[in-house]
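Asks: sequence and predicted structure below; questions after.
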Amino acid sequence: MSIASDLLRGSTDTIILAHLLKGDSYAYEINKNILRKSGGSFEFKEATLYTAFRRLEQSGCISSYWGDEDTGARRRYYTITTKGRNMFYQNQKEWQNARELIDSLVGIWEDTDGK
């Protein structure tokens with residue numbers, strides 16, 4: 001699954017933004033959801049995830065705040081900004097274009113010349 005993992009890692013920011021479109025969240029919860037949605041076959045390494053959060057926050061796509069936890073450790077929550085929403089929708093369009101291009105390039109079953 002190395003090619004799939006490389007593609008997912010290349011889409012780290014978009015995946016995080018997609019989760020934050022549904023509501024504020026924290027790193028562990030986002031990674032847990034990724035693991036669940038991938039059927040247990042993929043999760044980001046902690047360093048990858050926190051590097052992405054730092055990059056997204058520095059670029060103004062997300063902001064963060066400390067949760068008010070009564071029990072357990074305080075969590076840093078992330079929320080998507082308007083800039084982050086715009087970036088997500090732009091990345092989603094680019095992903096769709098790339099997917100269509102890749103489908104046409106590897107879609108040998110669709111060749112009309114019979115070769």
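Replies: Yep, that arrived. Numbers count the residues shown, from 1 in each chain.

Asks: poorly predicted segments of the protein, please.
Replies: Low-confidence segments of the chain (pLDDT under 70): 1-5, 71-72, 108-115.

Asks: before we move on, which element is the most centrally placed residue in it in?
Replies: When the chain is reduced to its mean C-alpha position, the nearest residue by Cα atoms, centre = their mean turns out to be Ile15, at 1.2 Å. In this assignment (DSSP states H and E), Ile15 forms part of helix 12-21.

Asks: other SSEs contacting that helix?
Replies: Packed against helix 12-21, as judged by 3 or more Cβ pairs under 8 Å, 6 or more residues apart in numbering; DSSP states H and E, are the following elements: helix 27-37, helix 46-58, strand 62-66, strand 76-80, helix 82-106. All C-beta atoms are positioned from the backbone trio N, CA, C, and that covers glycine.

Asks: now do the buried residues in the longest one.
Replies: Think helix 82-106. Residues of helix 82-106 classed as buried by neighbour count (16 or more other Cβ atoms under 10 Å): 84, 87-88, 91.

Asks: now that helix against helix 12-21, angle please.
Replies: 130 degrees (axes from the mean of the first three to the mean of the last three Cα atoms, to 10 degrees).

Asks: equivalent analysis for the third one, please.
Replies: Between the axis of strand 62-66 and that of helix 12-21 there is an angle of 60 degrees, by the same axes, to 10 degrees.

Asks: tell me the buried residues in strand 62-66?
Replies: Buried residues in strand 62-66 (16+ other Cβ under 10 Å): Ile62.

Asks: how far off centre is that strand?
Replies: Remark: strand 62-66 is offset 17 Å from the chain centroid, using Cα atoms, centre = their mean, to the nearest Å.

Asks: that one packs against which elements?
Replies: helix 12-21, helix 46-58, strand 76-80.
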